[in-house]
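>>> Need a 3D model of the sequence below.
(one chain, ligands or ions: 2)
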Amino acid sequence: MRAEAVKSSKQAADPIEQHFYEVIQLIGENPEREGLQETPKRIAKMYREVFGGLQEDPEEVLGKTFPAEGASDIVIVQDIPFYSMCEHHFVPFFGKVHIGYIPDGRIVGLSKFARLVDILARRPQVQERMTNQIVEALNNVVCPIGAIAVVEAEHLCMSMRGIKKPGSRTRTIARGGVFKTDLVQEERFFRLLEKE
Ligand SMILES: Nc1nc2c(ncn2[C@@H]2O[C@H](COP(=O)(O)OP(=O)(O)OP(=O)(O)O)[C@@H](O)[C@H]2O)c(=O)[nH]1
Ligand SMILES: [Zn+2]
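Ligands and ions are numbered 1, 2, ... in the order given. Predicted structure coming up:
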């Protein structure tokens, strides 16, 4: 079957496109029928988009910081939407990220939190690692007094297939610095989130 697909008249220069042409055949469909003709190309384009974060450095976006201008209390950026791809099934998981940090002399441009999430989400992921990587990047680059991230997501691999439990949500938390050692700070973060 594979050899047959490779020989096809639609041999593509793009290997992702070529492989999806074959996958369409292997599931028993006809990649030459009108509705599917451009699908391998579309999927290749989409994969380069949804996995594009692999080519980007999450720490680079945090590189530019500003003087804290007296800010020494917790800063929270809440409800950052994201779409990622579960690395086990290559289907989406998606939801919201909440990030808090306590600056230690330098603050981060607010949009950079969303950029950070975007870069980490656009790659094959597990939710726990993505959550940890957010805090790790903040710790490494911004060196705050503390950083904390919460990710809430629905996994389509649990909704549309397998155990089929739509609506179930997974919440993951990662803590760094003072949020690891000071329960009061951690509780304060969650209380401030609840107010929204
Ligand atoms: N911890 C964690 N698990 C995930 C995440 N995304 C998907 N999974 C799980 O990855 C697991 C893969 O389990 P396997 O038993 O290897 O694969 P499977 O037979 O397709 O599993 P089922 O989903 O139970 O049908 C499943 O339990 C998924 O729910 C994630 O972000 N974090
Ligand atoms: Zn999955």
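
>>> What sits closest to residue 171 if chain neighbours are left out?
Using CB to CB, 6 or more residues apart in numbering and skipping residues adjacent in sequence, the residue nearest residue 171 is residue 152, 5.0 Å away. (Each C-beta comes from the backbone N, C-alpha and C, glycine too.)

>>> from memory the one you found sits against residue 94, does it?
No. Using CB atoms under 8 Å, residue 152 makes no contact with residue 94, being 9.9 Å away.

>>> Can you point out the buried residues in stretch 48-68?
The neighbour-count check on stretch 48-68 (16 or more other CB atoms under 10 Å) flags 50, 51, 53, 58, 59, 61, 62, 65 as buried.

>>> can you tell me how far the residue nearest to the spatial centre of the chain sits from ligand 1?
With distances taken as CA atoms, centre = their mean, residue 121 lies nearest the centre of the chain, 1.4 Å away. Distance of residue 121 to ligand 1, computed by CB to the nearest ligand atom, to the nearest Å: 11 Å.

>>> hang on, residue 119 is in a helix, isn't it?
Yes. Counting by DSSP: H, G, I helix; E, B strand; the rest coil, residue 119 is found in a helix.

>>> what about it, how many neighbours?
A total of 21 residues lie near residue 119 under the criterion other CB atoms under 10 Å.

>>> per-residue confidence at it?
Looking at residue 119, its pLDDT is 98.

>>> go on, the one 5 residues further on?
According to the predicted model, the pLDDT of residue 124 comes to 98.

>>> after the helix or strand of the chain with the lowest mean pLDDT comes which helix or strand?
Within the chain, judged by mean pLDDT, DSSP states H and E, the helix or strand with the poorest mean is helix 2-6; its value is a mean of 45. The first helix or strand that comes after helix 2-6 along the chain, using DSSP states H and E, is helix 15-26.

>>> Need the residues that contact the helix or strand following that following helix.
Sequence order places helix 39-50 as the next helix or strand after helix 15-26, per DSSP H and E. Identification of contacts with helix 39-50 by CB atoms under 8 Å, 6 or more residues apart in numbering yields 10, 12, 14, 16-21, 24, 31, 83, 85, 122.

>>> Packing partners of the next helix or strand after helix 39-50?
Downstream of helix 39-50, the first helix or strand assigned by DSSP H and E is strand 65-67. Under the contact criterion of 3 or more CB pairs under 8 Å, 6 or more residues apart in numbering; DSSP states H and E, strand 65-67 touches strand 106-108.

>>> Can you get me the centre-to-centre distance for the strand it packs on and its chain?
Here strand 106-108 is found 22 Å from its chain centre; the criterion is CA atoms, centre = their mean, to the nearest Å.

>>> what sits against residue 16?
40, 43, 44, 47, 48.

>>> Kindly recompute the last result at 10 Å.
Contacts for residue 16 (CB atoms under 10 Å, 6 or more residues apart in numbering) come out as 40, 41, 43, 44, 45, 46, 47, 48, 51.

>>> and ligand 1, which of these reach it?
The subset of those within reach of ligand 1, by CB under 6 Å from any ligand atom, is empty.
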